[in-house]
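Chemist: Just need the structure, nothing else, for what follows:
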Amino acid sequence: MAARGRCPECGSGSLVEDAHYAQQQLVCAACGCVLSEGLLTTTYTDEEHLREVAYSQSTGQKEQQSRCLQRGTRRVQDLCKVLQLPAAFEETAVSYLQRALQLPAFHLASLEKKELLGGCCVFVTCRQRNWPLTMGTVCSLLYARQELFASVYLSLQRELGLSVPALSLADLVTTHLNSFRLFQRTADVPTPFLEDKEQLLARTMGLVELASETWLVTGRHPVPIVTAAAFLAWQSLQPGPRLSCPLARFCRLAGVDLPPPAHLRLKELLEILLGMASQLSWLRSFNLDRRTVVKHIGDLLQHRVFLLRNAFSQQHEDEQQDTTPGQDCPGQGSGSPSPPPVALQQGRPLAGRGQHAGTLRPLLPPCLIHPRKRPRAAAPSAAAVALTGDEPISDSEIEQYLRSPEEIRAFRKAKGWP
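Modeler: Here you go, the predicted model:
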């Protein structure tokens, strides 16, 4: 339909009214200039107030974002709701996500990595604000592999230059125990198994600190250690009805997964406690084992500093008695390293003031107490790799290749050669 007037751009009078997306527009048929356009309502905030805006502004804020940013923002919002994080955490995580998606390093990333980017932003925000959150928790919510999540997290930290503090053991213990279902009465948890949260947290913290002081935490995943410490703390608070409860049932009652190394960490903690119990005078008359020593964990933790100092000094005395001055162990004369003392290889009765005590576990890192049974094979040298079989035979090896005339005739006869 033709309209009156002229185009301000080209001066043509051929103006037509065109319906574009159910919207009337006045367009110049000569140059295509849009002289006027109709009004539409947006699908965002303006629609709530029934305001009309121009078509050029009707796409709204939501449509101006990329699809990847939209999905990432929704994922951040969902995670913050599930984790019950403050609103400030959500704003910070979204800002990190927006900054990351503007970097070239994440443009060519796979779709699987982009799906985890929002979770990494939430994880970084919580760490920066000392909110106890583990990587395993985020991975379980996103159904993601921890190896892939860790790679995206490190890339985000490197590209944005973020400073992320490490999660302390105390925060990890608090977070892990908050998920236990042993603090409220339910049909699945018997009454003797219920425990006060603060008491269990305090005793578990003491056992974890003991494990850290005896090298049980170094180089290990912390969750199995915390699980084993919480189990021992829970048993020691009411030993009577709980000593017969195994670790697997404890984890089922608490509603947490049982990590496979937890049994090994439990065994190592019990060995430490038995060694400390042998240093207390009022416990020497008892024939303690791994089950009964749990009853005395409170006393052992109360005197932890004295017992550990006593154990270290006693071990040093044993080492000096086993290797006296002027007597070398076999193999020392050739410059080879001396083997560890007998008291460190196999726990032996303490000497001196501990002669009537029990056997103390050597207070050494686990990698020295239980070395690898099969040493790693050394990489082949360059000379060994370069062997082709055409190398000259040395004079010392030539004898094994020479044969007498009788041997040659016997060999020909056996082969049937003339």
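
Chemist: Can you pull out the low-pLDDT segments for the stretch 251-400 of the chain?
Modeler: Residue ranges of the stretch 251-400 of the chain with pLDDT under 70: 312, 314-365, 367-370, 372-389, 394-400.

Chemist: Surely A254 touches L182?
Modeler: Yes - using C-beta atoms under 8 Å, A254 is in contact with L182, at 5.4 Å. Yep, even glycine has a C-beta here, placed from its N, CA and C like the rest.

Chemist: With neighbour numbers in mind, choose between those two.
Modeler: A254 (23 against 19; other C-beta atoms under 10 Å).

Chemist: list the contacts for that one?
Modeler: The contact partners of A254, by C-beta atoms under 8 Å, 6 or more residues apart in numbering, come to 179-182, 230.

Chemist: can I get these in TSV with secondary structure?
Modeler: As requested, those are exported to TSV (DSSP: H, G, I helix; E, B strand; the rest coil):
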residue	secondary structure
S179	coil
F180	coil
R181	coil
L182	coil
A230	helix
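
Chemist: Switch those over to TSV; also include pLDDT and distance to T125.
Modeler: Putting the contacts of A254 into TSV (pLDDT from 0 to 100; distance: C-beta to C-beta, whole Å) gives the following:
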residue	pLDDT	distance to T125
S179	83	20
F180	89	25
R181	87	28
L182	89	30
A230	95	27
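
Chemist: Ramachandran angles for the closest residue to C28 other than its chain neighbours?
Modeler: Leaving aside its chain neighbours, C28 sits nearest to C7 (3.9 Å; criterion: C-beta to C-beta, 6 or more residues apart in numbering). For C7, the backbone dihedrals (degrees, to the nearest 10) come out as phi -80, psi 130.

Chemist: residues near C7, how many?
Modeler: C7: 19 surrounding residues under other C-beta under 10 Å.

Chemist: List the residues that contact it.
Modeler: C7 sits in contact with 13, 15, 28, 30-31, 33, 35, where contact means C-beta under 8 Å, 6+ apart.

Chemist: hmm, which of the residues you listed are the buried ones?
Modeler: Among these, those scoring as buried are 15, 28, 35 (criterion: 16 or more other C-beta atoms under 10 Å).

Chemist: and those as JSON lines, adding pLDDT and distance to D78?
Modeler: Putting the buried ones among the contacts of C7 into JSON lines (pLDDT from 0 to 100; distance: C-beta to C-beta, whole Å) gives the following:
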{"residue": "L15", "pLDDT": "80", "distance to D78": "50"}
{"residue": "C28", "pLDDT": "83", "distance to D78": "48"}
{"residue": "L35", "pLDDT": "73", "distance to D78": "46"}
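
Chemist: Tell me the one of these nearest P392?
Modeler: Checking these against P392 with C-beta to C-beta, the nearest one is C28 at 93.4 Å.

Chemist: ok, the closest one touching C10?
Modeler: Yes - assessed by C-beta under 8 Å, C28 is found in contact with C10 at 6.6 Å.

Chemist: okay, stretch 92-102 in PDB with CA atoms only?
Modeler: C-alpha atoms of stretch 92-102 as PDB (Å, rounded to 0.1, in the frame of the first residue of the first chain):
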ATOM      1  CA  THR A  92      29.800 -13.300  41.700                       C
ATOM      2  CA  ALA A  93      29.600 -16.700  40.000                       C
ATOM      3  CA  VAL A  94      27.600 -15.300  37.100                       C
ATOM      4  CA  SER A  95      30.100 -12.500  36.600                       C
ATOM      5  CA  TYR A  96      32.900 -15.100  36.500                       C
ATOM      6  CA  LEU A  97      30.900 -17.000  33.900                       C
ATOM      7  CA  GLN A  98      30.400 -13.900  31.700                       C
ATOM      8  CA  ARG A  99      34.100 -13.100  31.800                       C
ATOM      9  CA  ALA A 100      35.200 -16.600  31.000                       C
ATOM     10  CA  LEU A 101      32.900 -16.900  28.000                       C
ATOM     11  CA  GLN A 102      34.400 -13.800  26.500                       C
END
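
Chemist: Show me the strands in this structure, by range?
Modeler: Using DSSP state E, the strands found in the chain span residues 2-3, 15-19, 24-28, 34-37, 39-41, 52-54.
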